[in-house]
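Engineer: Just need the structure, nothing else, for what follows:
(5 chains)
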Amino acid sequence: MARIGVFICHCGENIASTVDCGKVAEISSKIPGVVFSTDYKYMCSDPGQTLIKDAIKKYKLTGVVVGACSPRMHEPTFRKVVASEGINPFFCEMANIREHCSWVHPKGEETTQKAADTIRILVEKVRNNEPLYPIKVPVTKRALVIGGGIAGIQASLDIANAGNEVILIEKEPSIGGHMAQLSETFPTLDCSQCILTPRMVEVAQHPNITLMSYSEVESLEGFIGNFKATIRKKARFINEELCNGCGDCTLKCPIKKIPDEFNAEMGKRPAIYVPFPQAVPNKPVIDKDNCTHFKNGKCQFCKTNCSAGAIDFDQQDQLITVDVGAIVVATGFTIKGTDFFPEYGYGKYKDVVTGLQFERLLSSSGPTLGEVRRPSDGKVPKKVVFIACAGSRDPAKGIEYCSKICCMYTAKHAMLYKHKVPDGEADIFYMDIRAGGKNYEEFVRRAVEEDDVNYIRGRVSKVYEKNGKLIVRGVDTLLNSTPVEIEADMVVLATASVAHSDAESLAQKLHISYDSYNFFSEAHPKLRPVETNTAGITLAGACQAPKDIPESVAQASAAASKTIALFSQDLLTREPIIAVSNKSTCVGCFLCQSVCPYLAIEREEIKDRNGNIIKTVASINSGLCQGCGTCVAFCRSKSIDLQGYTNNQVFSEVSALFERSEEYV
Amino acid sequence: MSEFEPKIVAFVCNWCTYAGADLAGTSRIKYAQNVRIVRFPCTGRIDFMLLLKAFEEGADGIIVSGCHPADCHYTSGNYHARRRWMVFKDLLDFIGIDSRRIVFSWVSAAEGAKWAHLVNDTVSEIRNLGPMKEYKNLENVSSNKIGELIND
Amino acid sequence: MTELQNIAKKLFDDGSINLLIGYSNNENGGTSAIFIDNSADIDKLIYNENCHQNLMVYFQKPEVKKFGKLAFVVSLPGLKSVLEIASENQIKDGDAYFIAIDKDGNPSLLQDFHQIEDFITNNQTKPPMGLLKLMEKINNMTREERWQYWTDEFSKCIKCYACRSVCPLCYCTQCITDINIPQWISTESSPIGNLDWHIARAMHLAGRCIGCGECMKACPVDIPLALLTANLNKSIAIHFGDEPGMKADYKYPLSHYKLEDKENFIR
Amino acid sequence: MQNNMTEIAENPSKDTYYSNDLQKWGAEIKNKDISLKELVFNETGEKVSLCYQCGKCTAGCPLSDEMDIAPNTILRLLQIGSKEYDRKVLSSYTIWVCLSCETCMARCPKEVDLPAITDFLRSESIRRHLANRKANNIINFHKAFLHSIRGSGRLYEFGLVIGYKLRAKNLFQDVLLAPSMITHGKLKFIPAKVKNSSQIKEIFQKTINNNRGGK
Amino acid sequence: MKIGYFPGCSLHGTAPEYEASLKLVAKAADIELVEIEDWNCCGATAAHSMNRMLSIALPARNLAIAEKMGLEEVVVPCAACYSRLLFALNEFKLDEKVRMNLQPIIETEFKGNIKILNVLDFLEKYVMDALKNKVDDKFKKKAACYYGCLLVRPPKLTNSERWDDPLRMEAILKKIGIDSIDWSFKTECCGAGLSIARTDIVGKLSGKIIEDAKDRGADMIVTACPMCQSNLDMRRGAINNYLKKDNNIPAIFITQLIGLAFGYSEKDMQFDKLFVPISFSNNNFSNNNDNLKMQKSKVKEVKV
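Structural biologist: Prediction:
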């Protein structure tokens, strides 16, 4: 038989001023099964807690109901009190007679009655509670970081420096990401490579980090603490063990004119190449689609010239399976190309370039060695027009959001251009300037005030070529909407930042959610901006939304700290408020499967002694289940139940709703 | 007999509406005492059988409230609940149970005032509808029809 | 031998099946299900307009399942229930053969779900007018009249659960009525218990019921039970545009949702 | 034909088919006191609040330098919604000089259908007798054009030119092109007519007289 | 093969050469163009400037008649008419109010099942295959393909790919051996809507078009719209006024060129109807000075 104690808190005057706490205690004492009932000024205070502890001992209580504030406030406090006396903490429930009662109703009998009813409802729940034990899940203390841009690098280093193993995978031949392509960075104008490459080297040399470049996620199974990831290590046709990175092969390759991805196709590269001199790992890769050997089997220049004998034309993709406990997704973003814009010539004008292409023209390691020369004829442009919001904030083009980084990098581009071509002119067409970061606004003003960059508020309707000039037709909305026509030598489009084309398929592989733009979704926009809805998987950098470097790095460290916190325990403890299925009554209709937002409902085959399948039933993966209970209400045969909110508990609560209170009064 | 005071039960989710009701409390927004709150993790957890049970227990009106679309703590429980209630409401209408006695609402953790209004509105609406006499009269409907049938 | 018997015989002869469930005449002058486990009994196999029982209800029975290879004589509602239970993971393509009877009474052998889907599409029939008229009549009543109508109807219920046993979709091994912790539905035939049962039954079949009407035909006290599910299916079709029993990969509307689902009833 | 047109040119009050319900609409406007942007929304389904004033419409408009108010400014005035600005929009030259080339609409990032809004503003401008005087030429051309169709169901270009010139009282401005057009066989003196011309008149009767001009 | 044909007022008025060439081209491709019986004017800019329902009802009557005649497709060579007919059809499909109200206005049943082809659709779908092996290398002139507004805009209505830099005409001309220049005024407005009321504007807008075509070395402007063609061709006075110099670059219909490729004569194609003359009989266009002088004098005559 249940022996339940009821403890009514006055909360000073907060409850007692409108609720007759003594009377509530008295009414409660008449509920069958309640063996002790009292009221006290501050139940959460030390003496209050002691009062509960003593009563538990004295009356051999099996359950406790505390009538006080909201359980969102003090439920952990009182559960701890109960647990200290050896009772399972889930036998303690709180009845909210403050926020839901004394604070919202006037003093009077009805308010007291409501408090008493609330107590009774919770007494009925406690009566039907069952002991629950925190779920312990073992944790594999190894993290998988997907993406080797600055976010992935930062997350890997942070996690590794805390003493955990990290597997960092990068789909390109080298880590570094977009940051490696940048010339200088706003708002300090320090050289991007100078601050990035030491980090890249640190990753390569870190004893805890296994770097797998030229690799992608093939599939993922499991749940928090216990993922099993399969990684496709793409064949680079180089034996990485043997290769010493001398680079002779790249010089000997007869194919030389492949558009260079690292230079945003502003330069050329051979078919066997290292993306850029500081690449990590500094090992080449053969571009199979463009290699003469793979086309007709004839060419072997690289192989014959490799003194290390590292060229391996027969190399195959490898599938490698690793156990990891947590995953950081840091796959970054890409930008729209100039061909996305009908009104700016569908990419047919060579001197209309993207911001990233201009970045390469500015970079001292770029195709022009840092001189601004336009792609069509190599001349130094004397008039450059920058167009902000190219594709961003443009619902007609399907991109409603602000790409966030363009205002700043366009100011930087104009500034660097003016530094390199002091007699040149830079015009920027903009709609709004969004410079809300530390030292950002000052930076933009510097471009205007010190470097004479000309900002024109208006959008450009058309760019076309005439007599070797690019005619830019825009408008100055701050000048009575006067149409503006500028003859430019070069046009730079600050094109929209978008998710990678394969972001959606990666999200599906990882079972994380993504928004309509294919950016990955955080678990909560304010309070859980780093976690995904899938426990154990966190996000870092621009794969979640457009971000600049400081933000990406901050989020990466946040993701790392979430991961490190997870790894700090040997066993993962989870609230046992999860669903459980009854395998003997489940008929396996699996209509519940699609209601689970966490894909926690799995198919389990029940076999007889001979191994024949008798039936297939639903089984809840306790690692994935978050305890919403949607499947429970959904199951026709009541074969799923939610611990902590079992059918029996909630049914008892409802049964106790309006018990004729006269019986007790 | 004094004016009829309806008995209202509120089935609310823990993350939005329960917290919204807490906020009404911390903001000291006064509302009618008629409501008794039962806490669930999510509107998706609320079984339609519990609504029937509440009527059986003597409720005159029921509030079912959870997170606004897109706000669900569990991503989609409220969307499933929304479909469930759409269908359930149609069934009650067809059977002749006054579906106005069940009030569905989205109340977020920030909407303390909305919660208070919701309770007050529901109480006054149900007061106008009068006691849920259909269910109460059920106890008086004897099974005599069965008797008639057997005698036929 | 009739065409139907020929098809059945062939199935037995080439060893495709071990058990065939069809219809035969019974001693009361009506028809009832017949379980044929060898070709000798095939001459008892008949089909006429009196053969309405949805034989798919037997598919789920362990006694039947143990035979292994099965064949069923089914008309349109039966085929719909095949697709519906297929969408509920209860039957796989190739688990059984179906001798489908079209609206002119001609049999044809269907082997996979694709054929069944085509057959259903090509053999659509109108729902029975009487049922529709009664549904319309009830919908046109005032709420109070509807309540009176259904309390009267439900008060006849003797909780025999015939409606449950003939339903091809009531295949749960544990029905909600069988559960006593908590006692969701009172076991006795009381007004509240009856109401609870019929509401629960309707909700559990909402968007799943394929409208064979067996529940109504089986009811010993003539409660028009099929109306409840038919009316619910109507509203599901209106709200979500779904109809059960048409596709083997049917997405059950109550376990899916759309962001833009109607919510004008929510405050 | 010729008679008919001369008659109207001389007596514009008979030229009623696009504005004879003016009083009715005028009364409604007074009663409801509804702003022009709401009317635009009701009649075209276009929300002027979508516009964020990037100016791309003006930048691409082939005629923006002919206009007294830039296209994006028209939307801005509508957004503010004051009586004064509504009047300014309706009495602007801009709405008449617009060529409906659809460039603004094609490039608008917010997909505001400015040509449709402009069409509506034109009919509303006439209805409220606010049409810009400078636009008389253009309006007269539209009227002559519709008149020609109303009469014969098809455009009778020679008649159109004559009719327009009569309205514009500018007989000799452009007609001089006509001789060379005739020598190239490009103007016909006798109009081709739709046989069922009463049906065309019906269409005019039932549309222009029966709605506001928008949706 | 029978296809519906909506000539529109222009083809029966200012652009007889367009109609003549289109009909002969269709004939050569073994297509019978069936003129919509008792068709009426589409209403053009004037109708939609004044009244939306009128601008739907006028084209809809034509489409309804075409449907009644059992036609499944109708080719509309005039880009302006094409746009209005397409607009009416689209509104009919999308706007329930239009569907409800249209019937009593046009007094003809209309289902909205008909398909509308512009002249490029028509040429691509029915003519170009018949042209195989008929390429004539006498076309040594470079074309500036001019699309104007309504063939491509609004893109959502016309469903055109690459609406700001279309390449369809270029592809068609390529098949008959004509190379096209890349230029920037393909879809700029020529000002046709104000052709009579504000001729000065036409001069300016068309002037820019002609100037760019010429600057980039085009020998002719190829059009697919009678409004554009008449503006670019007949309005040379206003254009030259604006440009402050005489321009002799001709503006010709695409169908006239296709006709030549089929082997018709320039007379068949009614080259004599063009104000600014052009001829392919002589390979070198600039030698064609006699005609040019004639034209100049004509232009002057107009100006007097």
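Engineer: The stretch 1-150 of chain A: helices as residue ranges?
Structural biologist: A:21-29, A:46-59, A:71-84, A:109-127, A:150-161 (DSSP state H, counting those that start in this stretch).
Engineer: again with the stretch 301-450 of chain A
Structural biologist: Using DSSP H, counting those that start in this stretch, helices in the stretch 301-450 of chain A cover A:301-305, A:355-362, A:406-420, A:440-449.
Engineer: Tell me which of those helices lies nearest to A:Leu539.
Structural biologist: helix A:406-420 (21.7 Å; Cβ to Cβ). Yep, even glycine has a C-beta here, placed from its N, CA and C like the rest.
Engineer: Please see if stretch E:12-28 touches chain D.
Structural biologist: Yes - contact between stretch E:12-28 and chain D, assessed by Cβ under 8 Å from any Cβ of the partner chain, occurs at E:His12, E:Gly13, E:Thr14, E:Ala15, E:Pro16.
Engineer: For A:Gln357, state which of these is nearest.
Structural biologist: E:Ala15 (46.1 Å).
Engineer: and the closest one, what is it in contact with?
Structural biologist: For E:Ala15, the contacting residues are D:Lys186, E:Cys78, E:Pro226, E:Gln229, E:Ser230, E:Phe253, by Cβ atoms under 8 Å, 6 or more residues apart in numbering or on different chains.
Engineer: List the ones among these that fall in strands.
Structural biologist: Within those, residues falling in strands by DSSP state E are E:Phe253.
Engineer: Can you tell me which of the contacts of E:Ala15 is closest to chain C?
Structural biologist: Chain C lies nearest to E:Cys78 out of the contacts of E:Ala15, by Cβ to the nearest Cβ, at 41.1 Å.
Engineer: Please report how far that closest one lies from E:Ile116.
Structural biologist: 12 Å (Cβ to Cβ, to the nearest Å).
Engineer: hmm, back to that, of all the helices of the stretch 301-450 of chain A, which one is nearest chain E?
Structural biologist: helix A:355-362 (20.3 Å).
Engineer: Take that closest one, keep the C-alpha atoms, and write them as CSV.
Structural biologist: What follows is helix A:355-362, C-alpha atoms only, in CSV (Å, rounded to 0.1, in the frame of the first residue of the first chain):
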residue,chain,number,x,y,z
GLY,A,355,33.3,38.2,-54.5
LEU,A,356,35.3,34.9,-54.0
GLN,A,357,36.9,35.4,-57.4
PHE,A,358,37.8,38.9,-56.6
GLU,A,359,39.2,37.7,-53.3
ARG,A,360,41.6,35.5,-55.3
LEU,A,361,42.6,38.4,-57.5
LEU,A,362,43.4,40.3,-54.3
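Engineer: May I see the buried residues of it?
Structural biologist: A:Gly355, A:Leu356, A:Gln357, A:Phe358, A:Glu359, A:Arg360, A:Leu361, A:Leu362 (16 or more other Cβ atoms under 10 Å in any protein chain shown).
Engineer: so what's A:Ile512 up against?
Structural biologist: A:Val329, A:Phe520, A:Ser521, A:Thr532, A:Asn533, A:Thr534, A:Ile537.
Engineer: The third one and A:Thr534 touch, don't they?
Structural biologist: Looking back up the chat, that one is A:Ser521. No - at 10.3 Å, A:Ser521 and A:Thr534 do not qualify as touching, with contact defined as Cβ atoms under 8 Å.
Engineer: between those two, who's got more neighbours?
Structural biologist: A:Thr534 (23 against 17; other Cβ atoms under 10 Å in any protein chain shown).
Engineer: sec struct for the more buried one, please.
Structural biologist: Recorded secondary structure, A:Thr534: coil (DSSP: H, G, I helix; E, B strand; the rest coil).
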